[in-house]
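K.L.:
pasting the sequence and the predicted model now:
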Amino acid sequence: MNNARHDNPNATPRVRWTRWGGPGLAVLFLAGAGSYALFPRMAPVSAEAPAAEEPGTPSAPGARATNAARATAAGARSAPLMPAASQASASSPGNTVPAPAAPALAAEAAAEQEPTMAQRREAVRQAANKFRHGRFNAFFREEKFLEEFAHGGPAQLAALKEELTDPTTLSELPEGTSFMHAKPEAVLERMSMIDMLHSLAPKDPSARDTMVALLMEPVDSSLSDTAKKGLVGEKFDLLFRLAQLDRQLAVDSYTQLDNPKLKSLLREALIAGLSESGASMDEVKRLTRHL
């Protein structure tokens, strides 16, 4: 091999380029990729390379450098990846990534923003008054108004039901109050709520169910005669309107009433509502024959 060097002067540079240039390019490539730990390990090797070279083994320093580069690259590949945010937190003592809000806190915050039942009931009363006065206004958009009211969902209907179930406003009326002429404001407000239910019921089964629930609500016998008269009048109106919407449902609901005196008072409302729905007299007789 020594003879080959003297015979061909161009062989030596080619061998040195092939054997030294390849590892050197690999080292530069790894350094550009972020293998910073490679340079301290390569520095002493490069400094000792001319003294350590022996004839016949010109590739030893390059091999050591290549092995070091491979070890560094292998360590970099085997190291677990960490997100940039986590690396920043880990490198900075005292810095912690804020934990997400607990579901319980989020639910509590959402609950605080929900209106209370008292607020919903107040909104129902305001809507009823607006509906009552607006129906006599040619520019009042009843369908749009009902759509906006229905956006409240079951909670809105629950508030309306509770408002009509509560007889406080009727109990506050003086004895002898007339419900036929010059109706009190409280009575007109409650009547408007029933009108709203009746208007919602054709498209909203929940409104129809609310009408049935109010019809089946028992009348407290301890109430004043004025309050009881007002509640019976509301049930009369509910059954009359329910019969126009769903004949069979009205008949079934009437049948389930457990107060014979109340059934006697409401029978006329059922027959009048069935007739108003477009049922013939024969149909009305067939539906009410067993009652």
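P.N.:
Yes, it's here.
K.L.:
ok, P115 - contacts?
P.N.:
Taking C-beta atoms under 8 Å, 6 or more residues apart in numbering, we find P115 in contact with A123. Placement of C-beta: from N, CA and C, glycine included.
K.L.:
any idea how far it lies from Q156?
P.N.:
Taking C-beta to C-beta, to the nearest Å as the measure, P115 falls 10 Å from Q156.
K.L.:
what of L239?
P.N.:
From L239 to Q156 the distance is 23 Å (C-beta to C-beta).
K.L.:
looking at these two, which is more packed in?
P.N.:
The neighbour count for L239 versus Q156, taken as other C-beta atoms under 10 Å, is higher for L239 (24 against 20).
K.L.:
retrieve the pLDDT associated with that one.
P.N.:
Reading off the confidence values, L239 has pLDDT 98.
K.L.:
any idea which element it lies in?
P.N.:
Using DSSP states H and E, L239 sits in helix 225-245.
K.L.:
give the other helices and strands that that helix contacts.
P.N.:
Packing partners of helix 225-245 (3 or more C-beta pairs under 8 Å, 6 or more residues apart in numbering; DSSP states H and E): helix 168-171, helix 185-200, helix 205-216, helix 247-255, helix 260-276.
K.L.:
let's see it at 10 Å
P.N.:
Helices and strands touching helix 225-245, by 3 or more C-beta pairs under 10 Å, 6 or more residues apart in numbering; DSSP states H and E, are helix 153-165, helix 168-171, helix 185-200, helix 205-216, helix 247-255, helix 260-276.
K.L.:
for A227, which of these is the nearest?
P.N.:
A227 lies closest, by C-beta to C-beta, to one member of those: helix 168-171, at 4.1 Å.
K.L.:
got the CA positions of the closest one in CSV?
P.N.:
Written as CSV, here are the backbone C-alpha positions of helix 168-171 (Å, rounded to 0.1, in the frame of the first residue of the first chain):
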residue,chain,number,x,y,z
THR,A,168,-102.0,34.3,45.1
THR,A,169,-103.1,37.1,42.7
LEU,A,170,-106.7,35.6,42.7
SER,A,171,-106.7,35.3,46.5
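K.L.:
in it, what counts as buried?
P.N.:
Neighbour counts over helix 168-171 (16 or more other C-beta atoms under 10 Å) mark 169-170 as buried.
K.L.:
residues in contact with that helix?
P.N.:
125, 163, 177, 179, 184-187, 189-190, 220, 223-224, 226-231, 233-234 (C-beta atoms under 10 Å, 6 or more residues apart in numbering).
K.L.:
at 8 Å instead, please
P.N.:
For helix 168-171, the external contacting residues (C-beta under 8 Å, 6+ apart) are 186-187, 189-190, 223-224, 226-227, 230-231.
K.L.:
so for that helix, what's the average pLDDT?
P.N.:
For helix 168-171, the mean pLDDT works out to 95.
K.L.:
quick thing: my sequence starts at 34, can you match it?
P.N.:
Renumbered: residue one is now 34, and that last one reads helix 201-204.
K.L.:
enumerate the positions of the helix holding L272 that are buried.
P.N.:
Those buried within helix 258-278 under the rule 16+ other C-beta under 10 Å are 259-278.
K.L.:
one step back: what do P148 and Q189 both touch?
P.N.:
With contacts taken as C-beta under 8 Å, 6+ apart, P148 and Q189 have A156 as neighbours in common.
K.L.:
please name the nearest non-neighbouring residue to G306.
P.N.:
Closest residue to G306 apart from its sequence neighbours, by C-beta to C-beta, 6 or more residues apart in numbering: A276 at 2.7 Å.
K.L.:
ok, A161 next?
P.N.:
Nearest residue to A161 in three dimensions, chain neighbours excluded: S225, at 4.1 Å (C-beta to C-beta, 6+ apart).
K.L.:
perfect, I'm done here.
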